[in-house]
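Trainee: Sequence and predicted structure are below.
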Amino acid sequence: MNVVLPHLPALQVVIPLIAAPLCLLAGRASLAWTIAFLASACATAAAAILAYQTLHHGPISYHMGGWAPPWGIEYAVDSANAFILLLVSGIATVVLLYCPSSVSKEIRAGREHMFYCMFILCLTGLLGIAITGDAFNVFVFLEISSLSSYALIAMGSQRKALTASFQYLIMGTIGATFFLIGVGLLYMITGTLNLADLQTRIPQIQDSRPLLAAFAFITVGLALKAALFPLHLWLPNAYAYAPSGVSAFMAATATKVSLYVLLRFTFTLFGAEFAFGELPLHWVLLVPAVIAMFAGSFSAIFQHDIKRMLAYSSVAQIGYITLAIALASQAGVQAAMLHMFNHGLMKAALFCALGCIFYRIGSTRIEDMAGLGRQMPWTFAAIVAGGLSLLGAPLTAGFISKWFLVQAALEQSLWWLVVLIVASSMLAVVYVWRLVEALYFKEPAAGRKNVREAPLSMLLPTLLLAAANIYFGLDTRLTVELTGNAAVLLMQGHM
Amino acid sequence: MTGGSLIALTLCLPLLAALAIWFVGNSPNQRDAVTLITAGALFLVVLAILPLVLADLPVELELLAPVPGLKIAFAVEPLGMIFAGVASFLWIVNSIFSIGYMRGNKEPRQTRFYVCFAIAIGATMGLAFSENLFTLFICYEILTLSTYPLVAHHKNDDARRAGRTYLGILLGSSIILFLPAIIATWVFTDTLSFATGGIMTGKVPHVIGSVLLLLYLYGIGKAALMPIHRWLPAAMVAPTPVSALLHAVAVVKAGVFTIVKVAVYIFGLDYLRELALADIALYLAGFTIIVASIVALRQDNLKRRLAYSTVSQLSYVILAALILSPLSTMGAALHIAVHAFGKITLFMAAGAIYTAAHKINVSQLDGIGKRMPWTMGAFTIGALSMIGLPPAGGFLSKWYILLGALEAEQMFALAVIVGSTLLNAAYFLPIVYAAFLKPEATDAQDHEHGEAPLPIVMALVITASATILLFFFPDLALHLAGMLVGR
C-alpha cells in the first residue's frame, strides 16, 4: 500500500485513462464493460481514500513526474474537489453497473466496446478537471470530457441524437474556447498556469484590463459548460437524446464539475473580494439563476418527453446551485456544494428509472407511460423517491440542500429570495406530480397491459440511487461535514 | 413498555397493516381482518399511553436529526392524546362501516383503498404526537398524499377533477404559506419544538408575529378557513367511509389540531394577546362559521351539506383558540373530539342511506325514517350534537367556548356562536323532520329497501352512543383539556 498511497492523486486519473484504450482493444462488449467497471470502481476507491485523507490530514499536493510546481503540473486535492471526485466516480460506477442491459438494447451491436471506451474517457476528463491544480490542464481535461460526451450523445438510438450532439459540440466548443482565451490571458499577464501560483500573483495586477477580460471569458465559458441560463440551450436535447446511461451520468456529473471549476476560479483564484466586491458577479449570477429556476421549471411542466422534462428541471436546479454561489458566503458555497451532490443523486436515480421504462416500452413520452407504475412498481418507487427529492420534500436529500440554501439566503436577510425558492419548488411539485399521475393514476394503453418490471441488473442500481436519495436526507454527517470543510477552504482561498 | 416504544408502535402498526393488506389483497376476508385487528390493537396502544399522560410523565421518542436542530421526534401531550384517542377509536368503528359500505356497494380497488387508509391513519398518529413543527409538517404532507388516491377513488372525470382541487389546495397552501411560516419561526426562535407557553415571546417582533399568524391560519389548509375551504366539498366525491373518517375526523381535525397546537405551544396565548391581529383573525373565523352555514343551507346534496357544516364547525375550533381564554381553549380541544363523533355519525348515516336507498339528496329523504329508523335515529343525535343541544356531546364544547367568550368579553364570538346555532338548527332539523314526519315520497327511482347492512348500522349506533356518552361522562376529556391549559 505504501507504494500506491502516495500516488493516489495520479492514479485517480491514470487508471480510467489507461482503461479507455483497453476497452477499445477488448473488442467484446462484456470484456470492455468489465474493464470499464473495474477502472471506475478503482477510481471510486481512490476518491474515497482521498476524501478521507483530506478530511483528517488536510489538503494533498501531488507533483506530476516529480516536477515541482509552478513548472510541473500539480494535482491539488482538498475537501472541495475530493467531494466532487467522490460524486463523479461513485455515480459512474453505479451507472456502469446499470449499463449492460440498456447498452445492448440502445447501442448498435459491435459498437458497445466503443461506448464503454467513451464513457470511461469522459470519466477521466471529469476527474481530471476536478483534481488538477493547473489552469491549462483544466482545459485539456475539459476537452477530453467534452469530446467523449459528444460521441456518447451521438450514440443515442434516435437520429435526432446526431443534431443534439452537434448542437452541444458547437456550444461546448465555444465554451471551451472562451475558457482557453481566459486562461491564455492569465498566462500572458502572470506568466504562470499553476493555480496556486496564479492566486498569489493576481492581487498584484488587480486593476489591469486583461485580468478583467480573462475573468469575463472564463466565467462565461464555464457558465456555458455548466448550462447556466441563458446558455443552457444545448442541454435539453443532449440529455433527451443521449442513451439512458449517458443521460444519467452526464446529468449527475458533467455540469457539476463545471460549476466546481467556477467556484474554484471565482473564490480561490480571483477571490470573492475581486469578483463580488469590485465586479458585479453577484447580480450577474443571481438574476440568471432566478430566471433559470422559474423558466426551467415552467418549461419542464410542458414537456411531453420526460427525459426532456428532467433536462429542463436540471436547468432549474443548476439555477439553485448558481444562486447559492451568488450569495458569496460560506453558507452559500456549502449549499452549492451540497446541492451539486444531492442533485447528482436525484437526477441519476430519475434518469436511470426512465432508462428502465425505455428498456421496456421504447419510449419516454408521458402518454406512453400511462399506468406503468403498477406494472413496474419498483421503477415507480424509484421515480417517486427521486421526484420527492427533486422537489425538496423533507426526509430526502433534496430537502437538505434546499434547507441549507434557504439558511444561506436568510443569513443575509434575503427574504424575497426565500419566497422565490419556495415558489419555484412549487413548480417542481407540478411537474413531478404530472409524472406520478401519469404513471400511477392513468389507465395503461391497450398494447401496454403486460409490461414487465425492468431486469434486475438495471433495477438494482436504480434502486440503489433512489435509496441514496433517502439515505442522504436522513444521515447528513458525511455530506455536511465534507461540504462544510470545502466551503471554508474555498472561501479562505486555500489552494 | 416505555412511552417511546409505545409511540413507535402507534406509528408502525398502521404502516405494517398497510403492507399486510397489500400482501393479502386478493383475499377480501383476510384483508378486512387485518384492518380490523390493527385498528383494535392501535386503539389499545393509544390507551396504554393515556395513564402516562394523565400522570404527567414524559412520553417521548426521538428518531433522527437530519440537520442539526431539525429532528424527527415525537412527544405526547394532552391535546395530541385527545386527537389520537379519538382518531384511533373511530378507525375501529369506521372500519366496520367501511366493510359494510365497500362490500355493499361493490366498490372497485378495495385493497388500494385500505392500504391508503392505513397509511393515512399512521400519518395522523404521527401528527398527533409530533414533538415539533418539522415532524408535524412531514406527517401533514404524508396525510395529504395518502388521502389523494382515496378522493380520486372512482377514477372518473369528477373524481379526477376533485382530486386535483384537493391536492392543489392542500399541497399548495402548505408549501406556499405553511412551510415559509415554519422556516421563519425557525429563523427567529432557533427552535421548532412545541413548548408550554409558546416559543415566540421576546423573540419575534409583533409585526412579524402577525404575519406569521396569518400564514399559519391560511397555510394550514386542512383547517378549511375560508377561502381555503374548497378542497373539502370537492373531497366528497370519495366513497363515504373516506368522507366519514378522513374528511370529518382525521384530515380536517389534523388541520384545527395543528392550529390549536401552534396557538398554544408556538405562539403562546400570552403572546397572541399582544397581537392586534389576533382580533381580526377571530373575525375571519367567525365569518367562515356564518358563511359556511349559510352555504350549507342551500346544499341539496346531503354530503355536500355535511361538508359545509364541517367547514363551519372547524372554524369553531379556530374561533375558540383565538378567543384566547383558557376556558375557550379547553372548548377548542373538546370540540375536536366532540365534533368528530357527531360528524362521523352523520356521514355514516349518509353512507347508510346511499347504500340502502341509493339516495344522495336531502330532498329525497321524505319519510325515510320509517324504513331506516336506526340510521335516522343516529342522524338525529349527530344533528343535535352539531347544534349543541343536550343530551349530545356538542353541548359540552359549545358551553366551554361560550364561557370562554364571556370570560374574555368577546361579544363578537358570542354573537357568532348564537347565530350559527340557529343556522345549524335550520339546516339539520328539516332533514330530521322530513325523515320522520313527512309522508314517504314516491317517484320513479324509489324501490323497496329496509335498513342498511348490519356492519353499517352497528357502526352508526356505536358513534351515536358515544356522542351521548360524552355528554354524560365528560370527565376524561375535560381533564385532558384542562391539562392543556394548565388547570
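Mentor: Perfect, thanks for sending it. If you're wondering where the values come from, they're calculated on a predicted model, not measured in any experiment. Numbering: from 1, shown residues only, chains lettered A, B, ... in the order given.

Trainee: tell me the pLDDT at the residue of the stretch 201-350 of chain A found nearest chain B?
Mentor: Scanning the stretch 201-350 of chain A for proximity to chain B using C-beta to the nearest C-beta identifies A:L338 as nearest, at 10.5 Å. Backbone N, C-alpha and C define where each C-beta goes, glycine included. Looking at A:L338, its pLDDT is 93.

Trainee: The one helix or strand it maps to: what's the following helix or strand?
Mentor: If you go by DSSP states H and E, A:L338 is part of helix A:330-361. Next along the chain after helix A:330-361, taking DSSP H and E as the criterion, comes helix A:372-375.

Trainee: Without its sequence neighbours, what residue ends up closest to the residue of the stretch 201-350 of chain A closest to chain B?
Mentor: Leaving aside its chain neighbours, A:L338 sits nearest to A:S401 (4.3 Å; criterion: C-beta to C-beta, 6 or more residues apart in numbering or on different chains).

Trainee: Also B:N424?
Mentor: Leaving aside its sequence neighbours, B:N424 sits nearest to B:I387 (C-beta to C-beta, 6+ apart; 4.5 Å).

Trainee: tell me what the helix holding A:L338 is packed against?
Mentor: In terms of contacts (3 or more C-beta pairs under 8 Å, 6 or more residues apart in numbering or on different chains; DSSP states H and E), helix A:330-361 is packed against helix A:79-106, helix A:244-263, helix A:306-326, helix A:372-375, helix A:377-391, helix A:397-411, helix A:456-474, helix A:477-492.

Trainee: who touches residue 187 in this structure?
Mentor: You didn't say which chain, so I picked chain A. With C-beta atoms under 8 Å, 6 or more residues apart in numbering or on different chains as the criterion, the residues that contact A:Y187 are A:135-136, A:193.

Trainee: Sorry, I should have been clearer: chain B.
Mentor: By C-beta under 8 Å, 6+ apart, the contact list for B:V187 reads A:L410.

Trainee: one step back: save the helices and strands packed on helix A:330-361 as JSON lines, and put in mean pLDDT too.
Mentor: Putting the helices and strands packed on helix A:330-361 into JSON lines (pLDDT from 0 to 100) gives the following:
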{"stretch": "helix A:79-106", "mean pLDDT": "91"}
{"stretch": "helix A:244-263", "mean pLDDT": "92"}
{"stretch": "helix A:306-326", "mean pLDDT": "93"}
{"stretch": "helix A:372-375", "mean pLDDT": "84"}
{"stretch": "helix A:377-391", "mean pLDDT": "92"}
{"stretch": "helix A:397-411", "mean pLDDT": "90"}
{"stretch": "helix A:456-474", "mean pLDDT": "92"}
{"stretch": "helix A:477-492", "mean pLDDT": "87"}
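
Trainee: Kindly reformat those as CSV containing mean neighbour count.
Mentor: CSV is the format used below for the helices and strands packed on helix A:330-361 (neighbours: other C-beta atoms under 10 Å in any protein chain shown):
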stretch, mean neighbour count
helix A:79-106, 25
helix A:244-263, 28
helix A:306-326, 27
helix A:372-375, 20
helix A:377-391, 25
helix A:397-411, 24
helix A:456-474, 21
helix A:477-492, 20
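
Trainee: so which of those comes closest to B:A8?
Mentor: Nearest of these to B:A8, taken as C-beta to C-beta: helix A:456-474 at 16.3 Å.

Trainee: Using CSV, list the CA coordinates for the closest one.
Mentor: Presented in CSV, the C-alpha positions along helix A:456-474 are these (Å, rounded to 0.1, in the frame of the first residue of the first chain):
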residue,chain,number,x,y,z
LEU,A,456,-32.7,-6.8,-12.1
SER,A,457,-29.3,-5.6,-13.4
MET,A,458,-30.9,-2.2,-14.2
LEU,A,459,-33.3,-2.2,-11.3
LEU,A,460,-30.8,-2.7,-8.6
PRO,A,461,-28.5,0.3,-9.4
THR,A,462,-31.6,2.4,-9.9
LEU,A,463,-33.0,1.5,-6.5
LEU,A,464,-29.5,2.0,-5.0
LEU,A,465,-29.5,5.6,-6.3
ALA,A,466,-33.1,6.1,-5.1
ALA,A,467,-32.2,4.8,-1.7
ALA,A,468,-29.2,7.1,-1.6
ASN,A,469,-31.6,10.0,-2.1
ILE,A,470,-33.4,8.9,1.1
TYR,A,471,-30.2,8.0,3.0
PHE,A,472,-28.5,11.3,2.4
GLY,A,473,-31.7,13.0,3.5
LEU,A,474,-31.6,11.3,6.9
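
Trainee: Does chain B have contacts with that helix?
Mentor: Yes - against chain B, helix A:456-474 shows contacts by C-beta under 8 Å from any C-beta of the partner chain at A:473-474.
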